[in-house]
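Undergrad: Sequence and computational prediction follow.
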Amino acid sequence: MSNSIFVKNAAQVITMQGHTDKPAKKEAMQQLSIVENGSVLAQDGEIIAVGTEAEIKNNYPDVVRNAKEIHATGKIVTPGLIDPHTHLVHAGTREIEYAMRLKGKTYMDIMHAGGGIHATTEATQKAGFEQLYQTSKKRLDTFLLHGVTTVEAKSGYGLTTEHELKQLEVAQQLNKDHVIDIVSTFMGAHAIPIAEKDQPEKFVDKVIDEMLPEVAKRNLAVFNDVFCERGVFTPEQSKRILEAGKQYGLIPKIHADEIEPYGGAELAAEVGAISADHLLKASEIGMTKMAENDVVGVLLPGTAFFLMAAFADARKMIDNGVAVALSTDANPGSSPTLSLQFIMNLGCLKMGMTPEEVLMATTINAAHAINCAKEVGSLEVGKKADITIFDVPNYLTLSYQYGMNHVDTVIKNGEIVVE
Ligand code: NIG
Ligand code: FE
């Protein structure tokens, strides 16, 4: 079997090159590097050349001769898409709550009445490893079919040490078994369990003293995330949890300012978070602080769409210098979708982003949001050969023909995994 692959003569190869050290910000988010009639050559799972067919043939005649060829004429080639915020591992669905919300109940009302995150927690606690593994694997298969080759996955539906570890162990096993790369986040502070709701500080102590050390000892996560929101975790509690995680080398992330302005964006800057996510209600000061401290803003327009809320102000964030990434927030309550392409459509149509910006936001900037930009996120020599081919004649069509799966072929680590 050939260990090299030659993607030939695409209408456009969109490389995202030049942003490996720092995410793209402001005008740079609009400046795509495009090779018209471009080709990509990969060997042993790594990209070794990007350019025109003639250039590559000239420089690597032997590799090209032995390579498996993929004709991409009339199609576009991008880095494999990256989803930097998912609640991949969970059990159960919440379509009944969806119907309740359509009749006027709010997301927070449902959660405080014992539904919402608590309902999914109950289902996830009851589910065994194998059930969680199989349902999450199926979600990964769908992500892959939609062009995604790396996802972040959070815990947070266990809410006890045992069940948080179970969720993270499922993600760890899937990372070994599935072609998609999974980067894990511990999110023990996703909600205060109903039985402990009168003693929130005690639960915070449990997250810090019991859960974090176990997660770190077993090497089950890279990031530590908190749902900082009125009625969930206060900025003070969030700070304690995130600072404690840092002692174990876990990098902070925050679900920030989703339902109301609550200082989440500011806190992200203060604790040195790699990203602040949601940000529908982030203050202008918060945005400025994020920009100054290189906190990536991970925007999740699927959540605003599905909760029928006002969208995050992506335009203002980008114009204020925040590096923006986009994600599905895939979860059963606030964003039950696995289509990052639809999220790109929403980025353009509902958050004032340009087609260029949404591509940056789902590739190299998404890679920065999960600290893996050295390996993935762009088509550059030395990076992993994670490549998505879309059956559209130019990149504008990706966000123009919306709500559809445009994927033609997906290559992961230099192997064809979807065709
Ligand atoms: O990112 N906001 C908090 N957590 C998830 C939703 C979880 C759920 O509703 O199950 C989110 O939107
Ligand atoms: Fe989330």
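TA: Thanks, I have the structure now. Ligands and ions are numbered 1, 2, ... in the order given.
Undergrad: Any residues of this structure in contact with ligand 1? List them.
TA: 87, 116-117, 120, 227, 255, 258, 303, 329, 331-334 (Cβ under 6 Å from any ligand atom). Bear in mind the C-beta positions are built from the backbone N, C-alpha and C, glycine included.
Undergrad: Next, format those as TSV and append secondary structure and neighbour count.
TA: Converted to TSV, the residues of the chain next to ligand 1 look like this (DSSP: H, G, I helix; E, B strand; the rest coil; neighbours: other Cβ atoms under 10 Å):
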residue	secondary structure	neighbour count
87	coil	27
116	coil	20
117	helix	27
120	helix	24
227	strand	22
255	strand	28
258	coil	27
303	helix	27
329	coil	29
331	strand	25
332	coil	22
333	coil	26
334	coil	24
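Undergrad: From what I see, residue 184 and residue 168 are in contact.
TA: Yes - counting by Cβ atoms under 8 Å, residue 168 is a contact partner of residue 184 at 5.7 Å.
Undergrad: Overlap in contacts, these two.
TA: The contact sets of residue 184 and residue 168 overlap at 155, 220-221 (Cβ atoms under 8 Å, 6 or more residues apart in numbering).
Undergrad: Take those and keep only those in helices.
TA: Among the shared contacts of residue 184 and residue 168, DSSP state H puts none in helices.
Undergrad: out of these, which is most surrounded?
TA: In terms of neighbour count, residue 155 stands highest of those at 31 neighbours, by other Cβ atoms under 10 Å.
Undergrad: Give me the distance between that one and residue 297.
TA: Separation of residue 155 from residue 297 (Cβ to Cβ, to the nearest Å) stands at 23 Å.
Undergrad: Kindly report the same for residue 266.
TA: Residue 266 is 13 Å from residue 297, where distance means Cβ to Cβ.
Undergrad: Comparing the two, which residue is more hemmed in?
TA: The residue with more neighbours, out of residue 266 and residue 297, is residue 297; 31 against 23, by other Cβ under 10 Å.
Undergrad: Check what pLDDT the more buried one gets.
TA: pLDDT, residue 297: 98.
Undergrad: how about the strands of the stretch 1-150 of the chain, start to end?
TA: 4-14, 34-43, 46-52, 68-71, 76-79, 81-83, 148-154 (DSSP state E, counting those that start in this stretch).
Undergrad: could I get the ones you listed as TSV with mean neighbour count and mean pLDDT?
TA: Below are the strands of the stretch 1-150 of the chain laid out as TSV (neighbours: other Cβ atoms under 10 Å; pLDDT from 0 to 100):
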stretch	mean neighbour count	mean pLDDT
strand 4-14	23	98
strand 34-43	21	98
strand 46-52	19	98
strand 68-71	16	98
strand 76-79	28	99
strand 81-83	30	99
strand 148-154	28	99
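Undergrad: Arrange those in a markdown table, one row each, with distance to residue 389 as further columns.
TA: A markdown table is the format used below for the strands of the stretch 1-150 of the chain (distance: least, Cβ to Cβ, whole Å):
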| stretch | distance to residue 389 |
| --- | --- |
| strand 4-14 | 7 |
| strand 34-43 | 10 |
| strand 46-52 | 14 |
| strand 68-71 | 7 |
| strand 76-79 | 5 |
| strand 81-83 | 12 |
| strand 148-154 | 12 |
